[in-house]
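A.B. asks: I would like to see how this sequence folds:
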Amino acid sequence: MSVKLCHMCGSDLPKGCRRFCSEKCRRDFQKEYNREYAAKRRAEGLCRYCGEPATDGMASCRPCREKYRKRMRRQIAARRRTGLCIRCGRPRKPGYRQCHLCLTYSSMWRSGR
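C.D. replies: Predicted coordinates for the structure are as follows:
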């Protein structure tokens, strides 16, 4: 009988699992795959979403960028209406549009740290 191993970490698979030992390994594998796939498409000069030629030295084509912008505008508007952080969706800090974590991150980024 052969022992099946997790595709991500190489540990023994629990009974009933096919490729990954945990949800974390499955997510990590998917994240790594997506990163490599996007890098490959970018190196080929293709849009990371649809595979059409990317434009203006960007990672995506103009139609996909427009779709992304519309989706983000809707998401930010919905988060504003519900009182959530516009960046991550957690409860925001009173009097601000972002949560404490995102405000801290933003200030560090602006100061160059």
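A.B. asks: got the contact list for Leu101?
C.D. replies: If you count contacts by Cβ atoms under 8 Å, 6 or more residues apart in numbering, Leu101 has them with 88, 90. Every residue, glycine included, has its C-beta placed from N, CA and C.
A.B. asks: what about it, helix or strand, and which?
C.D. replies: Using DSSP states H and E, Leu101 sits within helix 100-111.
A.B. asks: buried sites along that helix?
C.D. replies: Using 16 or more other Cβ atoms under 10 Å as the test for burial, helix 100-111 gives 102-103.
A.B. asks: Helices of the protein, residue ranges please.
C.D. replies: For the chain, applying DSSP state H gives helices covering 23-43, 62-82, 100-111.
A.B. asks: tell me how far the last one is from the chain's mean position?
C.D. replies: Spelled out, it's helix 100-111. 19 Å (Cα atoms, centre = their mean, to the nearest Å).
A.B. asks: C-alpha coordinates for it, CSV please?
C.D. replies: Extracted in CSV, the C-alpha atoms of helix 100-111 (Å, rounded to 0.1, in the frame of the first residue of the first chain):
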residue,chain,number,x,y,z
HIS,A,100,-7.3,50.6,12.8
LEU,A,101,-5.1,48.0,11.0
CYS,A,102,-5.5,49.6,7.5
LEU,A,103,-4.9,53.1,8.9
THR,A,104,-1.7,51.9,10.5
TYR,A,105,-0.6,50.1,7.3
SER,A,106,-1.5,53.2,5.2
SER,A,107,0.5,55.6,7.4
MET,A,108,3.5,53.2,7.4
TRP,A,109,3.3,53.0,3.6
ARG,A,110,3.1,56.8,3.2
SER,A,111,6.1,57.3,5.5
